[in-house]
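Enquirer: this one's sequence-less:
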């Protein structure tokens, strides 16, 4: 497949055009429970949900997803995921595909969901926009079961309070996309367009006190992927094993 050899080209997916700088923001008390359904974009076939328990500046973020691109060359496919902020707080409609190539790119989706506010990385990896391009710290595989507790930056917390925070999971299988999915990405020409385009999107909204996700109440467990393969931008295969298993617990969420 054209350009398939560079699908996992580097630890940066080239999403820098939508990465925010660390600008100061006025803090507000946005304590509460926030949740949203993650719907497929670009006919990814994926589905999911995300919810955030925010108490002061401490956030517990849980994200479950299934049906994502699962493998590439025998390794788990990495899916960088973020809370996007600073725009309309919505997910792009099909009309966002302004160049008519059949795929809504990250650039085309940006006016709707905005820039990277927080990176939903695994473990102790960077949660700031600067960490948003790191494939090694991204969950991987067809199924994501993610839960992390960390200090949330003020800009993202304020976007949650304003109802303009959007969770986006990136990474499509070029084989399931139109022919344009294997053409060069508008962000990083060395990568196929599918690799840098969104697969799931959902606005995260505040929930009433006592809200419980009925699926989460029937709790289960899961884990993120453990392995990742990279191909050098110059075309030379680099065998890189990325360790990092994160056990994740799905649990019921209740408001204070």
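Expert: Perfect, I can see it now. Quick caveat: nothing in here was measured; it's all calculated off a predicted structure. Numbers count the residues shown, from 1 in each chain.
Enquirer: quick one: contacts for residue 167?
Expert: 36, 38, 50, 63, 81-84, 120, 200-202, 204 (Cβ atoms under 8 Å, 6 or more residues apart in numbering). Placement of C-beta: from N, CA and C, glycine included.
Enquirer: and it, that's in a strand?
Expert: Yes. Judged by DSSP: H, G, I helix; E, B strand; the rest coil, residue 167 forms part of a strand.
Enquirer: How confident was the prediction at the nearest residue to it once chain neighbours are set aside?
Expert: In this structure, residue 167 finds its nearest non-sequential neighbour in residue 50, 4.5 Å apart by Cβ to Cβ, 6 or more residues apart in numbering. As predicted, residue 50 sits at a pLDDT of 98.
Enquirer: May I have the beta-bridge partners of residue 50?
Expert: Per DSSP bridges, the residues bridged to residue 50 are residue 36, residue 63.
Enquirer: what about it, distance to residue 185?
Expert: Using Cβ to Cβ, to the nearest Å, residue 50 is found at 25 Å from residue 185.
Enquirer: Give me the distance between residue 99 and residue 199.
Expert: Going from residue 99 to residue 199 by Cβ to Cβ gives 19 Å.
Enquirer: Just want to know which of these two has more residues nearby.
Expert: residue 199 (26 against 12; other Cβ atoms under 10 Å).
Enquirer: mind checking which helix or strand of this protein has the lowest mean pLDDT?
Expert: One helix or strand of the chain scores below all others by mean pLDDT, DSSP states H and E: strand 237-238, with a mean of 21.
Enquirer: Point out where the stretch 51-200 of the chain drops to low pLDDT.
Expert: Where the stretch 51-200 of the chain drops to pLDDT under 70, the residues are 73.
Enquirer: quick one: the strands in it?
Expert: When secondary structure is read from DSSP state E, counting those that start in this stretch, the stretch 51-200 of the chain shows strands at 58-66, 71-72, 75-76, 81-85, 115-119, 144-151, 165-170, 198-206.
Enquirer: Put together CSV for those, with distance to residue 42 on each row.
Expert: Formatted as CSV, the strands of the stretch 51-200 of the chain follow (distance: least, Cβ to Cβ, whole Å):
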stretch, distance to residue 42
strand 58-66, 14
strand 71-72, 17
strand 75-76, 20
strand 81-85, 15
strand 115-119, 19
strand 144-151, 17
strand 165-170, 10
strand 198-206, 7
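Enquirer: nearest to residue 104, of the ones you listed?
Expert: Of all the strands of the stretch 51-200 of the chain, strand 198-206 sits nearest to residue 104, with 6.8 Å by Cβ to Cβ.
Enquirer: List the strands paired with that closest one, with their directions.
Expert: According to DSSP bridges, strand 198-206 forms sheet pairs with strand 32-40 (antiparallel), strand 165-170 (antiparallel).
Enquirer: Mind checking those for the one nearest to residue 115?
Expert: Per Cβ to Cβ, nearest to residue 115 of the strands paired with strand 198-206: strand 165-170, 10.5 Å.
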